[in-house]
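Participant: Build me a model:
(chains A and B)
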Amino acid sequence: MPGRLIQLRGITRRFGSLVANDDVSIEIESGSCLALLGENGAGKSTLMKVLYGAIQPDSGDILIDGRQQQFRGPADAMAVGIGMVFQQFSLVPALTVRENLLLASPRAPWLQVPGAPGLDTVLEVLSRLAPDLDPRSRVADLAVGERQLIELAKVLNLDARTIILDEPTSVLTPAETQRLYGLINEMVADGKAVVMITHKLADVAACADRTAIMRRGKLIHAGPTRDMSRQQMVDSMIGAGSPASASPPPPPDRNVARVVVRELGARTETQQVQGISLEVAPGELLGIAGVVGNGQTVLAEALAGLHPLTAGDVTVDGISVAWRPTPPVPDGRVAHIPEQPMLNAVVPTLDLAANLQMRDIRRRSFWQFGRRGQADLTVRLQAADVRPPEPSRLTGTLSGGNLQKLVLGRELAGEPSLIVACYPTMGLDVAATRTVYRQLFAHLARGASIIWFSEELDDLLEYAHRIAVLRDGRIAGIRNRDQADRAGIGDLMLMHDMARSA
Amino acid sequence: MPTLARHERLAGAALAALAFIIVALGFFAVIGEPPLATLLSMAEYAVGDRYSLSETLVKMTPILFCALAAIVPARLGLISVGAEGQFHVGALIGTGMMLWTQPFDGWLLLPLVLLGGAAGGALYGWLPGILRARLSVNETITTLLLNYVGVLMVSAAVYGPWKDPGNLGWPATIAFPDAAVLPQLFGTRVHAGLLLGLLLALCLHVLFRFSRWGQSLDILKGNVRVGRMMGLDYRRHVIIVMALGGALAGLAGIGETSVIQGRLQPGISVGYGLTGFLVAWLAGHNALLAIPVSFLIGGLIAAGDTLQLFNKIPASSATVLQGLMFATALAVPGLIALWRSRRG
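Facilitator: From the prediction side, this is the model:
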């Protein structure tokens, strides 16, 4: 396969008053992996959607081996071998793996009765990517990492020589991530060009031989990865005046419990927890570690009063906040930061003002003729660091980091006594992550108790005062931070499997 | 941002109206009528004189109620097409009230009849509401199917136990006594139900915009999970909006039966339920906008009747025009969006 050079020259793209790409020029070479690094909203995805033909630039050129290209849509880009795997997958969950691949392949036979010739040609790529994956299994039953492989197979089936991956590791488990790194390196060795949009330095270190860093629509730096230190990358991404990294207040000395969870039990169709007993002191950050699917979601909702209990109780300052037997009326004592804010924490079809103020919906007076002034709301949005701070903006248009800051601005407004935070920094860039931690720590210092669900063991070990491990719907053990280490917590998370194999 | 969108919506509506006029002219040409003259006489028959205007308002009244009956559930994201059935059950229960109380012939008769109409419609909306809230049964399917049941229940009553023997076999109840009928206005067939409908549309608009209830509906419509997080009870709201919508259609049914028909008989509705549903969509589920839109559609239907009478053009051409109007009104904004995205 001959090498080729793709050049983006002077790409500019505006969305209203926002300049998403400002005169950006980069080069993409065959047999190389380029990491496109930057914070949420830096313009990485926009730039790559321009290359993929999904967005038309306001100005600038795309050249392949020096010849100018005109992409009117993704079909044009695919025709010259440019494919993209998006963050949101476009698979049909009710269909099988093979059917999904057939849907997307131009070489799929028209008549797809069992045994028709050519039915299995679409599987060739997938069988190399994932030999163990049964093409007859339904996509709905697959893990996220497996679905991503199918998306990748779809792109490779189109003979893509340039593959764009949009935040590919943000949804993967550590093991799946390692496998993806391996695949990327194989594709590069195979002479393909890979562009990886990411905000994780680990991704860059694992695969990218070249790195381009974007900030606020501009290209800040581009060059070989080995010429840059980690610190340089972070500084380029965040820019000057970045917030200092935060540290939590020291653990509280008084060991009185502010939040008491007693023998809590709750169940959904797929998850259950039982016999959960926890005590959290004022100013204490209790981390909950565990492999996803061990009851985290139902436990978090039960703690936040959003799921009926089958047993036990949750009290804050001695008053029950649990759904038992009727749902509690939210009164601001419990804040809840759900996972995936766009799905679980905001109403995308309403404006920022409505989303910021909705906590008091049950308690506000029936008639709402005079709502609070826009100026006041703008100030609150600015205080929460939501950009842009426009109260009448539709919430669905916010990026992930700004969305989470909006949720924090709402949930932490009423000086809550208990904060239930589920993966609050998942998918956020460095600056937004710091803002989230800073806000949580400020409430710790004020005396709030925080129960923090996380998958990132390193973060838990760095910030949590104590770590409880959830396994099979029960607390497998609780460790103080000074007694905890990676291996010990990991053992608690997996003890079940070890006991079996022993 | 909002002012721009509003500006665009107005331009879209104007373009849609223009497109409809062109399509309507084409339709008249196809059926062999002088296009411009026919269109102008239609406008004249809709609003040209006192009588035409009053007939337009008569047709507008049940349409407005049925549009509101679709709008209320739509504010929660529910698609109810059950206004036709609720209209009939409202007429049925309201008439039952009249039959039951008419020996007394007091001032209480009218409120009881209206209340019966509203209660009948509410019951007939509550039923699919509770199925949706408790068992997640699709409300569009249940309301659609219950329409047939509602219409046939009226037939069963008027062919059977409620048939007035004095009718010589004609399937209808006895006539409503004057005390059970809403007052008529200006010596025309327009009745106080129109004023009630206008008042209700205004009240609903204010409730949607400026009340805790309206804001709760907005939240639940946009994201049920977030609504639950804020302590809102989705099931309760489903039942409330379905029953309230039903009550509005039931009022339309009893008003039409008591004032316009004078008695309960088959054919009390000429598709008002479905027309109201379409008006609700054209109005973008805005209660206030439903008023001008139902006036427009009412005028179209009334003009169609007159057109048949004087110009010997079949009244069904009004139905065709109505269909063309909905098609253009729904297609033009889509075409504008497509055109804009093509331009990039």
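
Participant: buried set for the helix or strand where B:Ser317 lies?
Facilitator: In this structure, B:Ser317 sits in helix B:316-343 according to DSSP states H and E. Residues of helix B:316-343 classed as buried: B:Ser317, B:Ala318, B:Thr319, B:Leu321, B:Gln322, B:Leu324, B:Met325, B:Phe326, B:Thr328, B:Ala329, B:Val332, B:Pro333 (neighbour count, 16 or more other CB atoms under 10 Å in any protein chain shown). Using the backbone N, CA and C atoms, a C-beta is placed for each residue, glycine as well.

Participant: on contacts alone, who are the packing partners of that helix?
Facilitator: Contact analysis of helix B:316-343 by 3 or more CB pairs under 8 Å, 6 or more residues apart in numbering or on different chains; DSSP states H and E lists helix B:2-30, helix B:272-282, helix B:290-311 as its packing neighbours.

Participant: what's the most buried one of those?
Facilitator: Ranked by mean neighbour count, the helices and strands packed on helix B:316-343 are led by helix B:272-282 with a mean of 25 (mean count of other CB atoms under 10 Å in any protein chain shown).

Participant: which other residues reach stretch B:272-280?
Facilitator: Counting by CB atoms under 8 Å, 6 or more residues apart in numbering or on different chains, the neighbours of stretch B:272-280 from elsewhere in the structure are B:62-71, B:74, B:80-87, B:147, B:249, B:252, B:256, B:290, B:293-294, B:297, B:301, B:322, B:326.

Participant: How far does that stretch sit from its chain's centre?
Facilitator: The chain centroid and the centroid of stretch B:272-280 are separated by 5 Å, computed with CA atoms, centre = their mean, to the nearest Å.

Participant: tell me the pLDDT at B:Gly48?
Facilitator: We have a pLDDT of 86 for B:Gly48.

Participant: Pop out the phi and psi values for it.
Facilitator: For B:Gly48, the backbone dihedrals are phi -70, psi -40 (criterion: degrees, to the nearest 10).

Participant: Nearest to chain A among the buried residues of helix B:316-343?
Facilitator: Distance to chain A, by CB to the nearest CB, is smallest for B:Pro333 among these, at 17.8 Å.

Participant: and B:Val226, how many neighbours?
Facilitator: 23 (other CB atoms under 10 Å in any protein chain shown).

Participant: about what we covered before: quick check: angle from the helix holding B:Ser317 to helix B:2-30?
Facilitator: Orientation of helix B:316-343 against helix B:2-30 (axes from the mean of the first three to the mean of the last three CA atoms, to 10 degrees) gives an angle of 130 degrees.

Participant: If I take helix B:316-343 and helix B:290-311, what angle do their directions form?
Facilitator: On the basis of the same axes, to 10 degrees, helix B:316-343 is oriented at 130 degrees to helix B:290-311.

Participant: distance between helix B:316-343 and the chain's centre?
Facilitator: Relative to the chain's own centre, helix B:316-343 is displaced by 21 Å; criterion: CA atoms, centre = their mean.

Participant: Just the angle for that helix relative to helix B:272-282, thanks.
Facilitator: 20 degrees.

Participant: which intervals of the chain have sub-threshold pLDDT?
Facilitator: Picked chain A for this. Confidence mapping of chain A against pLDDT under 70 gives the ranges A:1-2, A:17, A:171, A:239-246, A:254, A:371-373, A:494-502.

Participant: Not quite, go with chain B.
Facilitator: Those would be B:1-6, B:105, B:343-344, if you go by pLDDT under 70 across chain B.

Participant: Can you tell me which residue is spatially central in it?
Facilitator: Note on chain B: the residue nearest the mean C-alpha position is B:Cys66, at 2.2 Å, using CA atoms, centre = their mean.

Participant: what about the spatially closest residue to it that is not a sequence neighbour, distance to A:Leu101?
Facilitator: Spatial nearest neighbour of B:Cys66, excluding adjacent residues (CB to CB, 6 or more residues apart in numbering or on different chains): B:Gly276 at 2.4 Å. B:Gly276 sits 47 Å away from A:Leu101, going by CB to CB, to the nearest Å.

Participant: out of the contacts of stretch B:272-280, which are buried?
Facilitator: Buried subset of the contacts of stretch B:272-280 (neighbour count, 16+ other CB under 10 Å): B:62-71, B:74, B:80-87, B:147, B:249, B:252, B:256, B:290, B:293-294, B:297, B:301, B:322, B:326.

Participant: how much space is there between B:Val270 and B:Ala315?
Facilitator: Plainly put, B:Val270 is 10 Å away from B:Ala315 if you go by CB to CB.

Participant: my read is A:Val24 is in a strand, agree?
Facilitator: Yes. With DSSP: H, G, I helix; E, B strand; the rest coil as the criterion, A:Val24 is part of a strand.

Participant: State the number of residues packed around whichever residue of chain B sits closest to chain A.
Facilitator: Relative to chain A, the nearest point of chain B is B:Gly222 (3.5 Å; CB to the nearest CB). Residues near B:Gly222, counting by other CB under 10 Å, number 19.

Participant: And what about A:Val19, helix, strand or coil?
Facilitator: On the three-state scheme (three-state DSSP), A:Val19 is labelled strand.

Participant: Secondary structure class of A:Leu165, three-state.
Facilitator: In three-state terms, and counting by three-state DSSP, A:Leu165 is strand.

Participant: Skip the chain neighbours and tell me the closest residue to A:His138.
Facilitator: Small correction: residue A:138 is Arg, not His. Going by CB to CB, 6+ apart, A:Arg138 has A:Thr96 as its nearest residue, at 5.6 Å.

Participant: try A:Leu299
Facilitator: Leaving out its chain neighbours, the residue that sits closest to A:Leu299 by CB to CB, 6+ apart is A:Val273, at 4.8 Å.

Participant: Report the distance from the strand or helix carrying that neighbour to the chain centre.
Facilitator: Assigned by DSSP H and E, A:Val273 falls within strand A:272-280. Shown here is strand A:272-280, whose average C-alpha point lies 27 Å from the average C-alpha point of the whole chain (CA atoms, centre = their mean).

Participant: Kindly report the same for stretch A:409-427.
Facilitator: 17 Å.

Participant: and if you look at stretch A:149-162?
Facilitator: Stretch A:149-162 has its C-alpha centroid displaced from the chain centroid by 23 Å (CA atoms, centre = their mean).

Participant: What residues sit buried inside that stretch?
Facilitator: By neighbour count, and taking 16+ other CB under 10 Å as the criterion, the buried residues in stretch A:149-162 are A:149-158, A:160-162.

Participant: Equivalent analysis for stretch B:84-102, please.
Facilitator: Within stretch B:84-102, the residues that count as buried by 16+ other CB under 10 Å are B:84-99, B:101.
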